[in-house]
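Asker: 3D model of this:
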Amino acid sequence: MVCELYKKYVHPLARVVRGLPISWGPSFATAKHLCPVQTVAYSSCSRFIAVDEFAVDEFAITEVLDAVTLERLHTFTHPFSETGWLSFSPDSRSLTRINEDNGSTTWDLQTGGQISATPSTPNTPPSWCFSSTYSMDGKIVAAAHRDLGNNAATTISTYDVLSGTHIYSHRISEGHVAAPIWTHGESLRFAVVNPGSITIWQVGFTSEHTLAEIESLPGPDDIDSEEHLFLPTLSRLAFTFQDSEEVLVWDARDSKFLLNFVGGGCELGDLSFSSDGRFFACGSDDQEVHLWKESPTGYVLHQKLASGLAGDFITPFLSPDGESIITSKFNTSSDDHETQLWRTTDPINPSSSIPSQPADQTEFVLAFSPDKSFIATGRLGENIATIVDLKSGDPRLIVDTGMEICGLGVTARTVIVVGEGKIITWNLPAGDCALDARANILDSVRTIVFDHPPPSPGKLHSASISPDFNHLAITRRAKEGLDIYDMSTGNHVVGTTYNGYMSDPWFTRDGREVWDSMVIPGGGKIIRGEGTDIIGLERLHRGSVPSGGYLWESSHGHNITDDGWILDSRKKRVMWLPHHWRVYEEYQVWDGQFLALFDPSLPEPVIIELYE
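Answerer: Purely as a prediction, here's the structure:
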């Protein structure tokens with residue numbers, strides 16, 4: 001009953017974009033990485049983001065991104081260290097990474113060169129660095145390390161940035177040192193949490209100063225956890241109980257709770273404050289981030305971000321100015337590594353222009369009509385096909401095909417759906433009929449059954465219809481091969497078996513060749529007898545160029561650069577693609593002035609019409 005009531009609202013729709021905007025409001029952007037992200041740091045000016053990744057072979061990677069576009073500004077490689085912490089200098093001109101072995105590396109962000117490298121401290125067991133801060137003059141950096149064998153023991157060390165030398169270390173063995181440590185005048189401070197109290201300590205950046213207690217603030221009596229986050233400017237403590245679904249924010253000045261949130265079945269993890277306390281964020285193991293905003297009565301839920309990243313935990317990082325938030329996943333077993341940028345000023349519900357990603361990502365299939373007036377879209381293996389008017393961007397017809405879709409075609413008057421051993425045709429609504437019309441199998445006008453069916457739907461990959469609508473190419477997984485059928489009769493014309501895997505098939509514009517969409521594509525040349533009868537397939541070697549170019553090559557001379565700019569035939573920039581619209585080449589289809597983007601990570605196909 002629920003399916004019947006609501007499935008019409010969740011069918012995939014293509015978005016049609018017109019004109020030549022040169023930039024887009026970055027309410028959501030994505031940066032992909034080679035390795036899993038382990039920590040992120042914002043510069044104090046909120047203009048730069050540093051991302052630390054796990055190692056590739058024997059080296060680890062640290063990237064510096066633009067905080068608006070997530071464009072890569074610098075990429076640094078350094079010797080492998082399993083964990084590390086990043087910190088920008090007060091003027092945002094240098095970046096320091098503190099390693100688990102108490103060593104450090106500092107880079108100059110203007111030149112991209114290394115300033116210094118501090119060697120590891122001899123005979124020191126590995127530890128986890130969870131916070132660092134620069135002195136006011138940017139010459140010394142301090143770091144807090146937590147012993148891997150004893151989470152209650154913390155060592156605070158300082159390093160000379162220019163010479164790369166270790167200055168001193170203080171060991172704090174009583175209480176739990178909360179993140180972050182921070183700079184206060186010429187000294188550094190940190191908070192130690194015990195049940196019932198929060199103690200503020202101060203020590204100098206040089207060995208001439210001794211550790212001194214500054215003040216003691218009231219704290220929750222029942223606090224007993226390992227996850228603490230202290231906000232120095234407002235003396236607020238955020239914490240979660242170990243293995244708990246509860247997060248709390250305590251105001252130590254007024255001795256009251258500002259937030260007491262129960263996760264409702266999911267474990268809560270990493271915490272983040274904006275520097276002024278206006279925003280507070282918490283990640284969870286169900287791939288969501290809760291974002292709260294300050295109010296006269298405490299913190300109220302402002303956003304619930306469903307990032308769509310499959311990971312063990314989604315980690316939030318709020319910018320110092322509170323205007324944006326980065327989310328990243330922590331999952332070493334996945335090959336899909338991303339950080340995502342959100343604006344905290346967005347409404348609590350996701351914008352309709354940026355739909356949430358589906359839980360189960362499947363590939364799209366799509367086809368342009370010959371006159372470029374319609375496009376047919378659907379998800380591979382699902383049963384809903386949508387025909388969108390390219391002039392208005394509105395859905396013209398939504399078809400419940402009653403079978404799993406593996407290929408689509410659309411003419412000026414019909415939509416053709418391929419799947420489960422047959423071809424079914426529906427007429428498009430004529431004239432000025434109402435938009436968003438709906439149809440099902442009872443409204444179809446023609447069904448062609450293959451003379452010998454291809455493999456079962458679970459073995460079927462995808463299909464492509466020739467430009468003249470005379471032939472159909474289907475790839476099959478059972479034998480990694482290709483079959484061609486006559487569209488008018490369903491008769492099998494010719495087939496071939498490949499030794500390797502064959503992906504989505506597509507015909508060249510002249511219909512004489514059929515290719516697959518692998519990164520290194522291969523294909524076959526169609527050998528015709530008299531008339532249009534196909535009598536065989538001649539194997540085309542990988543590296544051969546298809547006649548008329550690839551699907552992802554524009555016949556009008558357009559091109560897409562690595563940083564997301566669409567160039568016209570004169571190499572002039574005409575449009576910048578948002579990060580979440582950037583896809584691999586095999587998920588791009590050019591057809592005249594239209595560009596279709598349909599990567600499985602997109603929540604919908606995006607159709608862009610370009611003008612010279």
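
Asker: where do the helices sit along this structure?
Answerer: Per DSSP state H, the chain carries helices over the ranges 2-6.

Asker: tell me which helix or strand of it sits lowest on mean pLDDT?
Answerer: strand 523-528 (a mean of 64; mean pLDDT, DSSP states H and E).

Asker: tell me the phi and psi of residue 90?
Answerer: phi -60, psi -30 (degrees, to the nearest 10).

Asker: which residues sit in contact with it?
Answerer: 44, 134, 136, 138 (CB atoms under 8 Å, 6 or more residues apart in numbering). The way it works is simple: take the backbone N, C-alpha and C, and place the C-beta from them, glycine included.

Asker: and it, what pLDDT?
Answerer: Looking at residue 90, its pLDDT is 93.

Asker: With residue 230 instead?
Answerer: For residue 230, pLDDT reads 96.

Asker: still on that earlier bit, now, which of the contacts of residue 90 lie within strands?
Answerer: Among the contacts of residue 90, the members found in strands (DSSP state E) are residue 134.

Asker: Neighbour-wise, give me the winner out of the contacts of residue 90.
Answerer: Using other CB atoms under 10 Å as the neighbour test, the contacts of residue 90 are led by residue 134, with 22 neighbours.

Asker: So that residue is in contact with residue 181, correct?
Answerer: No: taking contacts as CB atoms under 8 Å, residue 134 lies outside contact range of residue 181: 10.9 Å.

Asker: Name the residues contacting each of the two.
Answerer: Overlap between the contact sets of residue 134 and residue 181, as judged by CB under 8 Å, 6+ apart, is given by residue 142.

Asker: rewinding a little: and which of the contacts of residue 90 is nearest residue 571?
Answerer: Residue 571 lies nearest to residue 44 out of the contacts of residue 90, by CB to CB, at 38.1 Å.

Asker: Could you tell me which residues make contact with that closest one?
Answerer: Going by CB under 8 Å, 6+ apart, residue 44 touches 88, 90, 92, 320.

Asker: same thing but 6 Å
Answerer: Contact analysis of residue 44 by CB atoms under 6 Å, 6 or more residues apart in numbering lists residue 320.

Asker: Quickly list what residue 198 is bridged to.
Answerer: residue 193, residue 217 (DSSP bridges).

Asker: Could you check how far it is from residue 388?
Answerer: To residue 388, residue 198 is 58 Å away according to CB to CB, to the nearest Å.

Asker: same thing with residue 494?
Answerer: The value you get for residue 494 to residue 388, if CB to CB is used, is 33 Å.

Asker: okay, the two: which has more neighbours?
Answerer: More crowded of residue 494 and residue 388, by other CB under 10 Å: residue 388, with 25 against 17.

Asker: Test my guess that that one contacts residue 376.
Answerer: No: if you go by CB atoms under 6 Å, residue 388 and residue 376 don't touch, sitting 7.9 Å apart.

Asker: since we're on residue 293, how many residues are nearby?
Answerer: Per other CB under 10 Å, the neighbour tally for residue 293 reads 16.

Asker: From residue 274, how far out is it?
Answerer: 10 Å.

Asker: same check, this time on residue 602
Answerer: 30 Å.

Asker: neighbour-wise, which of those two wins?
Answerer: More crowded of residue 602 and residue 274, by other CB under 10 Å: residue 274, with 24 against 21.
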